[in-house]
Every structure is written in structure tokens, then in C-alpha cells.
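> Can you look at this prediction? I've put the sequence above it.
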Amino acid sequence: MRLRSIYICIFTLSFIVSCSRTDGIEKSISTDGYSLCKMDMDCGKGRYCSMDGICSIDCTTDKDCHFLVRNNGLTENYYCSACGRCLNKEDKDTACIVAKEILCEEDSTCQDQLSNDYFCSDEKLCVKRCSNDTSCKKIGRGWSCGNAGFCIRKCICNKDCYFFGWGYACILPDGVDEKSNCESPTPVYGKCQPREGGIDWGKDINYEKSSFSYTGIWGWNLNYAVRTTGLPLVSQQDSVSIAYGLAKIIQNSKGGITINLKLCSIRLKNFKEDDSEFEDLAYIIVPDSYADSVPIVVNNTDFISNENEEIISDIFLDIRGARLPDPWNTPLPDYENLLYAYDQDRDGKPGMTTFVNGILTGEVYNAQRWWVKYHIKRKDRDHLHGLIDFNSEETILGASNKILLTKIKVMRHPQNDRSYFRAQRLNDAADCNTVLELKDKDDSFIKFTPHFEE
């Protein structure tokens, strides 16, 4: 992004599909919809880099490897590794990243399938031994080194766990209140584990109401286009915030729905109003810690009389990087007055931290007042979309480079079709990684486009 829009931080979401198999079937090899790679680590969790340079998966169960056995004259001594690779049972799959929980009864089960770094935990799952957080990074985002010296999904409240799916919850030590712990400056850490009873679908389940047809897990893409003025060197800049997330829709007591949205990733993109090519001389990077620090975005609708009608949600207000006595009216703090500033991403800096790269480099610390309201249309049972109403006010609380300190004004971009959402129904077991892997597929319903189309 150019310097003129490096201060804008707004947010969005996406989608994914997963499936299960019980019998082995032969898989075709095609580059359509696959990511190119040079090494296994390029492919993320649960896949490996094939000899064709494509991120691949051979199997989900041992039965899937039977084709490999029959067609290549191999012995029956093959199994499906945790990373979707058919291997001889004497071999360990140490090259790629573990994609799923491995059940175990003893350490040898984990070490035979993975490596000597893995052991069987008290929960009868394979866990990796660690000495620090860096030791756990290869497992994936959200993993840290626990007090017992094993990699865990560390958390301080439930929202930290929804990255792994809506079926997870933060298990804290006895006597620790989850809500208070989430807001505490000195929180107690727990670990994300599958929630007892699975996904919480609320207390208002009613199969007879039209609202029931919306319930489920959804991939969400949310885009906000803004125009920013008061920037250094230039008068104004148009930018869009592109966010992807994992949503859970449940029924509410009014006969409508409640949309709970977990943000998975956020990126910012500059644009020209005529959509001509734009050269970014400087751009902003929104770190994972930013999205992870944003609370769950919750919007409600009233009674739905017909599942095909257009429905309008209420407004969800979120204050980021500040704690205000009157969220709607108290002025946001800025670099001249840090009253009410709040280190929300817990990095020791005021507000929320983003990174600037390009011709200028540095950190920018922001506060933001933001709200969103959905106009929801149903394309079919598994696809939702529509325009949104929103507003964003932002201030700069500080920066590592003084040239980045400025007073800005953010307003909604006048082209309304640039601010919209799309959602696709997912498998209940979907997580943020599933969403992020599928967001760039050419045939993805939630793939970002500059303008909304019906």
C-alpha cells in the first residue's frame, strides 16, 4: 500500500468445505485449484509437496492407501499418516505439519507415526515436547509451549479457541472466571480443547421456524471500502479492508438469527476509483495477533417469516485499542492524549499494532471505533451475500517512525458496492485454516472482488 493509506484498519471473513471418507478411492492429479510448492512446509497443515510441485493429499484413512498397494505391487504394510501421505508402517512422517489430533494409548504410537519429539498426553492425544514457543510454530498458528513442556493451544478465553473451530473452548484452571480472565491485564492461561457436548447451538433451537435453515458454520468474507484524508504527502487515499472469518449462526429468542463471527485474517488493499492498476510504494501488514485480539463480532436479526426474504441485522459496535466510558460518544484517544488507550493485542504498545513496509518501515499503533450492519440476501440454502452499512473512525496512538504520526479522517467510500459480505456454509468441523486455504480458489464463492454482484 502507498504511504497515504497505511493507517486504515478495518476487517472481514471467508469460507471452507471439508469431507470425510470411509473407503479408499483413487485420486486424480490436477493443478486446478491446487497450490504450487517447492517443499512440504509451503503447503501448511495436512498436505505435502508432491514430485509435481503441487500441494497434495493422498489419503484420509488407511483404506485410501489400498489403491497404492494394488496398483504398484507393494505390500499391505502401509498406513495413512497424519499429514495425508501413504507411508510404509516402518516410516515416520516428519516432513509436513500435523493436521489432526492423533489418538494414542502410549508414547510409541506417537513416535511411530510422527517423531521422537511426540508423546502421549494425559488426554490420550499425541503432543510435541517443547522448550519455548518457537518449538511449536511448525505445528501451526495458535500453538505455544505450555508449562509442562508440551505444545498446547494456549488461551485466556473462549474467543482464542474459535480459530480451531467453533467446537473448541478454553479450559482454565478451577476457579478462574472466563469472562473476567479475558479482560484481565494479568490473565491466567489455559488450553483450547474440544468442548464437552460439541458446538454450542444455543437454547432457542426450533426446527419449525424459518430461522433454523440459516443455522450452521459459515465461511465469511467481509469488505469495507473507505476514503482517508489528512495523510502526509497526499490529500486522500481509497482503501479496502478485506477480512476472512469463521461464523456460527444460531437461532435467537426473537425467531431470528444471531451471527457470531470469528475473524481469521485481515489485509488492506489500496485501489483507484476506476479500478485501474495501482502501484503500492508502501503498504501495511496486519499481523495475526491483530485479528486474534478482536472480539467476536455479534449481529442479530428479528423474526424471519420466510427463509427467502431479505433480512437486516442490528448494529454491532466495536471499540479497538481503547476502553471508553461511553463507547458511542467518548472521543478516541490519539498520540496527543492517550487517555483510555488500551493495549488490546498485549504487545506492550498502546492500542493495536500494525506494520508498515515499502519505502517506509515501522510500526503504527491505532485505536478504532467501528460498527457494521448486514443486509442479508439468500442466494440459495448454502450461500448468503449482501451489502453492508458500516462506519469507521480511527486515530493514531503512536508510531516507531514520527513521520507516521498524523491526524486522519476516515469516511465510507462513496461507491457502495465496494462494501459487502459473502458467506458459504461449511462443515461443522471447519476451522480458520480451512477458510484461509480456500479463500483464493478461483471458484470460491467468498473470493474477494472489487465490487459486489448479485
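Yes, it's here.

> which stretches of the stretch 351-454 of the chain form helices?
Using DSSP state H, counting those that start in this stretch, the helices of the stretch 351-454 of the chain run over 432-438.

> And the strands in it, which stretches?
All strands of the stretch 351-454 of the chain, identified by DSSP state E, counting those that start in this stretch, fall at 352-358, 362-380, 383-399, 409-412, 420-426.

> in its sheet, what does the second one sit against?
Translated: strand 362-380. In the sheet containing strand 362-380, the strands it pairs with under DSSP bridges are strand 311-312 (antiparallel), strand 316-320 (antiparallel), strand 352-358 (antiparallel), strand 383-399 (antiparallel).

> Ends of stretch 206-222, what's the gap?
Taking CA to CA, to the nearest Å as the measure, stretch 206-222 stretches 28 Å from start to finish.

> Please disregard the earlier target; I meant stretch 316-329.
Between the start and the finish of stretch 316-329 there is a gap of 15 Å, counting by CA to CA.

> What of stretch 399-415?
Counting by CA to CA, the length from the leading to the trailing residue of stretch 399-415 is 31 Å.

> for that stretch, which positions count as buried?
Of the residues in stretch 399-415, those buried by neighbour count under the rule 16 or more other CB atoms under 10 Å are 399, 404-406, 408, 410, 412-413. Backbone N, C-alpha and C define where each C-beta goes, glycine included.

> List the contacts of that stretch.
Outside of stretch 399-415, the residues within contact range by CB atoms under 8 Å, 6 or more residues apart in numbering are 6-8, 224-232, 238, 240, 273, 334-335, 356, 360-365, 390-396, 398, 419, 451.

> same question for it, mean pLDDT?
Within the predicted structure, the mean pLDDT of stretch 399-415 is 92.

> rewinding a little: right, and the strands paired with strand 362-380 - which one's nearest residue 281?
In terms of CB to CB, the element of these nearest to residue 281 is strand 352-358, at 5.5 Å.

> center of the protein - which residue?
Computing the C-alpha centroid of the chain and ranking residues by CA atoms, centre = their mean puts residue 264 first, at 1.4 Å.

> where's that residue relative to residue 319, distance?
Here residue 264 is placed at a distance of 21 Å from residue 319 (CB to CB, to the nearest Å).

> repeat for residue 92
49 Å.

> now do residue 450
Following CB to CB, the distance that separates residue 450 from residue 319 is 29 Å.

> Tell me which of these two has more neighbours.
When neighbours are counted by other CB atoms under 10 Å, residue 319 comes out ahead of the other of residue 450 and residue 319, with 21 against 13.

> The more buried one: what's it in contact with?
Contacts here follow CB under 8 Å, 6+ apart; on that basis residue 319 touches 327, 367-370.

> so what's residue 84 closest to, chain neighbours aside?
Computed as CB to CB, 6 or more residues apart in numbering, the closest residue to residue 84 that is not its neighbour in sequence is residue 57, at 3.5 Å.

> State the number of residues packed around the one you found.
Residue crowding around residue 57 was assessed by other CB under 10 Å; the count is 19.

> Is it in contact with residue 82, as I believe?
No. Under the contact definition of CB atoms under 8 Å, residue 57 does not touch residue 82, with a separation of 11.2 Å.

> Now residue 134, what are its backbone angles?
The phi and psi values for residue 134, taken as degrees, to the nearest 10, are phi -60, psi -30.

> quick one: pLDDT of it?
If you check residue 134, the pLDDT there is 87.

> Number of residues surrounding it?
Here the neighbour count serves as a burial measure; for residue 134 (other CB under 10 Å) it reads 10.

> From residue 79, how far off is it?
The value you get for residue 134 to residue 79, if CB to CB is used, is 30 Å.

> re the thing from before, out of the strands paired with strand 362-380, which gets the lowest mean score?
Mean pLDDT per stretch puts strand 352-358 lowest among these, at a mean of 90.

> What residues sit buried inside that strand?
Residues of strand 352-358 classed as buried: 352-356 (neighbour count, 16+ other CB under 10 Å).

> Tell me the gap between it and the middle of its chain.
Computed by CA atoms, centre = their mean, to the nearest Å, the chain-centroid distance of strand 352-358 equals 19 Å.

> One more: stretch 58-68?
In terms of CA atoms, centre = their mean, the gap separating the centre of stretch 58-68 from the centre of its chain is 30 Å.

> what are the C-alpha coordinates of it, in PDB please?
Coordinates of each C-alpha in stretch 58-68 appear next as PDB, following Å, rounded to 0.1, in the frame of the first residue of the first chain:
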ATOM      1  CA  ASP A  58      -3.200 -39.000  -0.800                       C
ATOM      2  CA  CYS A  59      -5.400 -40.200   1.900                       C
ATOM      3  CA  THR A  60      -7.600 -39.600   4.900                       C
ATOM      4  CA  THR A  61      -7.700 -43.200   6.200                       C
ATOM      5  CA  ASP A  62      -5.600 -46.300   5.900                       C
ATOM      6  CA  LYS A  63      -8.100 -47.700   3.400                       C
ATOM      7  CA  ASP A  64      -7.200 -44.900   0.900                       C
ATOM      8  CA  CYS A  65      -3.700 -46.400   0.600                       C
ATOM      9  CA  HIS A  66      -5.100 -49.700  -0.700                       C
ATOM     10  CA  PHE A  67      -5.000 -48.300  -4.300                       C
ATOM     11  CA  LEU A  68      -1.300 -47.600  -3.800                       C
END
